[in-house]
Every structure is written in C-alpha cells, then in structure tokens.
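Colleague: coords below, sequence missing:
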C-alpha cells in the first residue's frame, strides 16, 4: 500500500507542475519516512547527493549541454536548412526533406527535441509556406523532424548513467537508427507528395557553385560532430574527453561565425549551468526515490511477477514500448528516463534483452510520443511558433506517426541495426 501512496503523491506533485527532481525527492523522502522513519531518511540524505554527483561520467552532461548551446548560438541551424534545401530542393517534397536533414544535423548536437522543433519552426517552416507547401504537411514535417534530437548526447548520456552501461557504446549505437529514422521521414514526405503533388511545389534550382559554397559553410559543424563521435568509436577518447573537445570545438565555431560577445557568452554559459543543475537535481531526486523502491522491493517484486507470466517476452516489450509512447505524449524525455529506467531496466535484463539496444529503442519510442495527442509537446510548440491550429499540426504528423511505428518495429525485429556498430568499437 505504501508504494501506491508514494506514487500517487509523486504524480500529484507532477500534475501541479512541481519540477520532476524536487517531486521525486519529496515523494521518495515521504516514502522513506513511512518505511524506515526519520533515521533512515537522514542517513540516505547524507550520502545520496554526494554519491550521485561524484560520478566522473557526469561531466559529459554539462559539456554536451554547453556544446549544444554554443552551436545554437552560432546560428548553424539556418545554414543547415539552406544547404539541405539547395541540394534536395528540386526533389518532390525537397524542402520537407531538407527540413528532415537539417533536423538530423541540428538534433545530433542540440539539447532537446522541443528546442529543435522551435528552431526549425522559425527557419524551415516559413520557407515551406512561402514555397506553397500545404500548411498541415509543412507543420507536420517540422514537428516530426524535431524528434530527430531523440538520440542526442544528453539523453543518451543520462540513460547510460542511470542504467550503468557504456556511454560511448550508447552514443555510437544511435547513429544507424538516427539515419534510418531520417530516411523514414524523407520517404514519408516523398510518398505524400507522390499521392498529391500540389502538397509541395518544387523549389527553384540552385547553381552547383552555390551548392558547394553552402556545403563548405556547414562543413565545420560536420567535422566537429564527426570528430566527437569518431574519437569515441575508435577508442581514442572517452565520452567525457570527447564531450569536452566538442564544447571547445563549438566555442571555436561560434567565434568563427562572429557570434561570441561577452554578453552572449555569459548567457550561453548560464543556460548550460541551469540545464546542468536541473539534470543533477533530477538525478539526486531519482536516487532518493530509487532508495525507497529498493527498500520496499517494488522493482524485485515486479520483475518476479512479470517473469512468472505465461507470456512471450515480445508481448511484454511491446506493452512497455506502448507505455513509453503514452508517457512521451505528456512528459519530457529526461523525466521519463529517471522515472522509468530504474524500474524497467531490471525487467529488460531478466527478459534477456540487451540494455544498450533497449536504451536506443526506449528513446526513439518515447520521442514519438512528442507528436502524439492529446499533449504532444512538439505539436504545440510548432503551432505556437507557426501560428497554426494545433489540430492541423497533429493531422500533419499522423502519416509520420504510422511510419515511425514501422521503423520502431524494424529496430525491434533486427537488433543488429543498433548493436552492430558498437560491437565494432576499438577493433
């Protein structure tokens, strides 16, 4: 009965708008008092915060956040979209495909899917509308392209810390799935335009000289991302070292772009500090809540109960993924990670699934919830920035939602798509 009371308290606090870190810390503290008294709570509060933040791997989070903020400051999102539209603009639905490519490039180093959706809404969406694109299709493309931040370093690093798995392998394992999802979005756009060409008029052709000039313009960011991931893949640098190099490289990129001023640098550093403090508080809250779950044997009992069910493990993983889609429709990715990973991961291991495989699948699935009614956050962000009805944005994302479910099914059915690249690391 105690776990149900504590869970009800947690969700009540979240419903009231309490930050997830504080909500988990408070609910966990109440649970610990109910289970072991104030002495138990006092002992855990004296050790949990320090043990949580003293992890060396935690350095990756502020460094990746700083890298993302500096890249955002450099204005590279505009350059990415211009370059992609110049190269694929003449293809049916080319500007939509350029949005997907820009979302993939920007999302590779951006902070959150909501930030990507907001950025793309202010850059690519107006261009598509001016080109004569069907508004709901254009809005849907922007909302779904924002989710390409799903395998961003911050979420992956956080999952690695919570699940205690190799962060470097997690980062590398997301590359092929990200390419698959990008291709899925582009293929869906092509199919929609093939059905009705009036949805997306062709763009004007761009001279080859201008195409290569634009390609050269975004090459520093491509090189930066390639070096960060390449050093991890080859074993030259650890994820913490690569994240620090990435932040320094993004700083140089912002200098080259002429965007660094004392004021802009101060605001960028402050944003990265705020984001880091938020994530650390979430981790501390999750640690306190996790101690409560450990003392009450909730996780162990749940694993034992599900393990005894006469049901295929594939049915269980399908139900878990459906739950992540529902959670993703009204919760942030980081909140979903800290709330569910400590409970679900032991079950995943018991069922015989690879934790790295599950981490990628989980992140992809939860991000699909960002475009799922009734509270798909990306759709509301695009509607606000584009000044379009939110129902129109949801309607525009529906074909992509179906296509993403197919992509997730492929990733589930063929684990080697995720696991092959990290298996080759250091060879």
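Modeller: Done, it's in. Since the model is a prediction, treat every value here as computed from it, not as a measurement.

Colleague: roughly how far does the nearest residue to residue 105 once chain neighbours are set aside sit from residue 99?
Modeller: Nearest residue to residue 105 in three dimensions, chain neighbours excluded: residue 80, at 4.7 Å (C-beta to C-beta, 6 or more residues apart in numbering). Where C-beta positions appear, they are placed from N, C-alpha and C, glycine not excepted. According to C-beta to C-beta, to the nearest Å, residue 80 stands 10 Å off from residue 99.

Colleague: same check on residue 17?
Modeller: Counting by C-beta to C-beta, the gap from residue 17 to residue 99 is 32 Å.

Colleague: more neighbours: which of these two?
Modeller: Each of residue 17 and residue 99 has its neighbours counted (other C-beta atoms under 10 Å); residue 99 has more, 32 against 7.

Colleague: does residue 407 really touch residue 178, like I thought?
Modeller: No. Residue 407 is beyond contact range of residue 178, at 10.7 Å (criterion: C-beta atoms under 8 Å).

Colleague: roughly how far does residue 377 sit from residue 86?
Modeller: 31 Å.

Colleague: for residue 296, same thing?
Modeller: For residue 296, the distance to residue 86 - C-beta to C-beta - is 58 Å.

Colleague: those two: who's more crowded?
Modeller: Of the pair residue 296 and residue 86, residue 86 is the one with more neighbours under other C-beta under 10 Å, namely 23 against 18.

Colleague: what comes up buried for stretch 41-57?
Modeller: 41, 44, 48, 49, 52, 57 (16 or more other C-beta atoms under 10 Å).

Colleague: so who does the first one touch?
Modeller: Residue 41 sits next to 29, 32, 33 when contact means C-beta atoms under 8 Å, 6 or more residues apart in numbering.

Colleague: let me know the closest of those residues to residue 147.
Modeller: residue 29 (34.4 Å; C-beta to C-beta).

Colleague: I figured that closest one hits residue 288, correct?
Modeller: Yes. Here residue 29 reaches residue 288: they are 6.2 Å apart, a contact under C-beta under 8 Å.

Colleague: quick one: which of the contacts of residue 41 has the most company?
Modeller: residue 32 (25 neighbours).

Colleague: name the nearest residue to that residue, ignoring sequence neighbours.
Modeller: residue 41 (4.4 Å).

Colleague: quick check: the gap between that neighbour and residue 291.
Modeller: Taking C-beta to C-beta, one finds residue 41 at 9 Å from residue 291.

Colleague: need the overlap of contacts for these two.
Modeller: Joint contacts of residue 41 and residue 291 (C-beta under 8 Å, 6+ apart) are residue 32.

Colleague: and stretch 84-104, what's buried?
Modeller: Going by 16+ other C-beta under 10 Å, stretch 84-104 has these buried residues: 84-89, 91-104.

Colleague: quick one on the thing from earlier: any shared contact partners between residue 29 and residue 288?
Modeller: residue 45.

Colleague: which strand or helix spans the residue nearest to residue 32?
Modeller: helix 20-53 (DSSP states H and E).

Colleague: kindly report the same for residue 165.
Modeller: Counting by DSSP H and E, residue 165 is part of no helix or strand.

Colleague: phi and psi next, for it.
Modeller: Main-chain dihedrals, residue 165, degrees, to the nearest 10: phi -120, psi 170.

Colleague: check contacts around it.
Modeller: 159, 355, 356, 359.

Colleague: between those residues, which has the most around it?
Modeller: Going by other C-beta under 10 Å, residue 359 tops those with 27 neighbours.

Colleague: assign the closest residue to that one other than its chain neighbours to one of the three secondary structure states.
Modeller: Closest residue to residue 359 apart from its sequence neighbours, by C-beta to C-beta, 6+ apart: residue 159 at 4.7 Å. Here residue 159 is helix, with the state taken from DSSP: H, G, I helix; E, B strand; the rest coil.

Colleague: does residue 159 touch residue 364 like I think?
Modeller: No. Assessed by C-beta under 8 Å, residue 159 is found out of contact with residue 364, at 11.9 Å.

Colleague: tally of neighbours for residue 181?
Modeller: So residue 181, with other C-beta under 10 Å, has 28 neighbours.

Colleague: same question for residue 237.
Modeller: Neighbours of residue 237 using other C-beta under 10 Å come to 18.

Colleague: tell me which element it is part of?
Modeller: Using DSSP H and E, no helix or strand contains residue 237.

Colleague: where does pLDDT dip in the stretch 101-250 of the chain?
Modeller: Residue ranges of the stretch 101-250 of the chain with pLDDT under 70: 106-116, 118-119, 122-123, 149-158.

Colleague: helices along that one, start to end?
Modeller: 113-131, 135-146, 153-163, 167-173, 175-195, 208-234, 239-256 (DSSP state H, counting those that start in this stretch).

Colleague: ok, and which of these has the densest surroundings?
Modeller: helix 135-146 (a mean of 29; mean count of other C-beta atoms under 10 Å).

Colleague: and that one with helix 175-195, angle?
Modeller: 170 degrees (axes from the mean of the first three to the mean of the last three C-alpha atoms, to 10 degrees).

Colleague: report all helices and strands that helix 135-146 contacts.
Modeller: Counting contacts by 3 or more C-beta pairs under 8 Å, 6 or more residues apart in numbering; DSSP states H and E, helix 135-146 is packed against helix 94-107, helix 113-131, helix 175-195, helix 377-386, helix 390-413.

Colleague: any idea how far that helix is from the middle of the chain?
Modeller: Its chain's C-alpha centre and that of helix 135-146 lie 17 Å apart, by C-alpha atoms, centre = their mean, to the nearest Å.

Colleague: equivalent analysis for stretch 222-230, please.
Modeller: That offset, for stretch 222-230, works out to 19 Å (C-alpha atoms, centre = their mean).

Colleague: can you give the contact residues for that stretch?
Modeller: Taking C-beta under 8 Å, 6+ apart as the rule, stretch 222-230 contacts 67, 105, 108-109, 171-172, 175, 236, 242-243, 245-246, 249-250, 253.

Colleague: now residue 244: closest residue in space, sequence neighbours ignored.
Modeller: That would be residue 63: by C-beta to C-beta, 6+ apart, it lies 5.1 Å from residue 244.

Colleague: that neighbour: what's it in contact with?
Modeller: 240, 243, 244, 246, 247 are the contacts of residue 63 under C-beta under 8 Å, 6+ apart.

Colleague: what sits against the last one?
Modeller: So the one you mean is residue 247. Residue 247 neighbours (C-beta under 8 Å, 6+ apart): 63, 64, 66, 67, 70.

Colleague: need the contact list for the last one.
Modeller: What it means is residue 70. 247, 250, 251, 253, 254, 268.
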